[in-house]
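Asker: quick one, what's the 3D model for this:
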Amino acid sequence: LKCEKCLYVKSDAILGQSKEILEHIHSKFSNKSLFLYRNLQKDSNYSIMPDRQKHKTLRLVFAGMLGVAQNVYEIVQKIDFSSLNVEFHIYGMGNQYDKLLEFSKNNPNANVFVHGSVPKEEMNEVYSFVDVAIVPLCVRIHGAFPSKIYDILPMGLPILFCGDGEPAKFIMDNNIGFVSKAGDYKALEENIIKFRDMDDDTYGNMCGNCIGLSQEELNFETQIKDVIKFLKEV
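Answerer: Numbering: from 1, shown residues only. As a prediction, the model looks like this:
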């Protein structure tokens with residue numbers, strides 16, 4: 001804490017990756033110049049899907065680390081995707097991979113498909129194949145904002161977020177998906193059903209909101225220009 005305070009006191013400006021971080025810093029060092037620098041990827045705005053259409057059988061995807069913090073294994077245990085007539089596609093590796101693979105083999109009719117890891121350059125193809133992305137966080141980390149959200153939005157892909165805090169508020173405020181609290185699988189199931197039963201126009205509008213954000217507020221090149229301007233002013 002002493003090192004942290006020293007860095008803040010001696011700094012001319014502070015960049016934070018979430019509003020929650022900047023609000024915390026401002027509460028302690030109100031005289032500092034602050035800038036919200038989101039963890040955007042340079043190539044995340046280049047493969048936009050303008051005319052996404054929902055499949056007859058809704059396809060959900062999780063792509064990323066299959067660890068304890070995400071706890072995808074518990075999702076497949078708690079949600080009966082087959083009875084919902086929904087497919088759940090899982091990409092990635094981690095300490096839950098073997099359990100998920102075993103689950104899919106032992107439950108071939110569960111509509112849970114474990115694909116393993118794929119190169120990053122193939123993720124555009126993965127996201128074009130599905131309708132909704134699940135981003136779960138079973139532990140609240142103050143100030144954290146999953147950068148995965150920024151990677152998904154340019155594909156025009158709505159989000160099912162499991163968690164709370166700033167990411168949940170961001171998704172609800174921008175109408176780019178639905179939110180359930182971590183571990184609330186009843187609410188998650190209800191949100192899946194909302195997507196499953198959603199009419200094409202409503203789904204298309206939500207996809208459009210995702211693309212609009214990625215082109216405007218979450219545009220990498222625009223952010224670089226803004227941070228250069230900010231640094232010059234400081």
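Asker: hey, let's count contacts and neighbours off CA atoms from now on
Answerer: Noted.
Asker: what segments of this structure are helices?
Answerer: 2-10, 19-28, 72-78, 81-84, 97-106, 123-128, 148-152, 166-173, 185-197, 200-215, 220-233 (DSSP state H).
Asker: need those helices in CSV with mean pLDDT, mean neighbour count and distance to residue 138, can you?
Answerer: As requested, the helices of the chain are exported to CSV (pLDDT from 0 to 100; neighbours: other Cα atoms under 10 Å; distance: least, Cα to Cα, whole Å):
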stretch, mean pLDDT, mean neighbour count, distance to residue 138
helix 2-10, 93, 11, 27
helix 19-28, 94, 15, 18
helix 72-78, 96, 16, 10
helix 81-84, 98, 15, 20
helix 97-106, 97, 16, 17
helix 123-128, 87, 16, 23
helix 148-152, 91, 20, 15
helix 166-173, 96, 16, 13
helix 185-197, 97, 17, 12
helix 200-215, 92, 20, 24
helix 220-233, 94, 13, 28
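Asker: spell out for me which residue occupies the centre of this protein.
Answerer: residue 149 (2.9 Å; Cα atoms, centre = their mean).
Asker: OK, contacts around it?
Answerer: Neighbour list for residue 149: 135, 159 [criterion: Cα atoms under 8 Å, 6 or more residues apart in numbering].
Asker: and the gap between it and residue 202?
Answerer: Residue 149 sits at a distance of 20 Å from residue 202 (criterion: Cα to Cα, to the nearest Å).
Asker: likewise residue 178?
Answerer: In terms of Cα to Cα, residue 178 sits 13 Å off from residue 202.
Asker: same question for residue 218.
Answerer: From residue 218 to residue 202 the distance is 22 Å (Cα to Cα).
Asker: same check, this time on residue 24
Answerer: For residue 24 relative to residue 202 (Cα to Cα), the value is 36 Å.
Asker: which ones are touching the closest residue to residue 66 other than its chain neighbours?
Answerer: Closest residue to residue 66 apart from its sequence neighbours, by Cα to Cα, 6 or more residues apart in numbering: residue 94 at 4.4 Å. Contacts for residue 94 (Cα under 8 Å, 6+ apart) come out as 65-67.
Asker: which of those residues count as buried?
Answerer: Among these, those buried by neighbour count (16 or more other Cα atoms under 10 Å) are 65-66.
Asker: as JSON lines, the contacts of residue 94 with distance to residue 20 and pLDDT would be great.
Answerer: Shown next, in JSON lines, are the contacts of residue 94 (distance: Cα to Cα, whole Å; pLDDT from 0 to 100):
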{"residue": "65", "distance to residue 20": "24", "pLDDT": "93"}
{"residue": "66", "distance to residue 20": "26", "pLDDT": "95"}
{"residue": "67", "distance to residue 20": "25", "pLDDT": "92"}
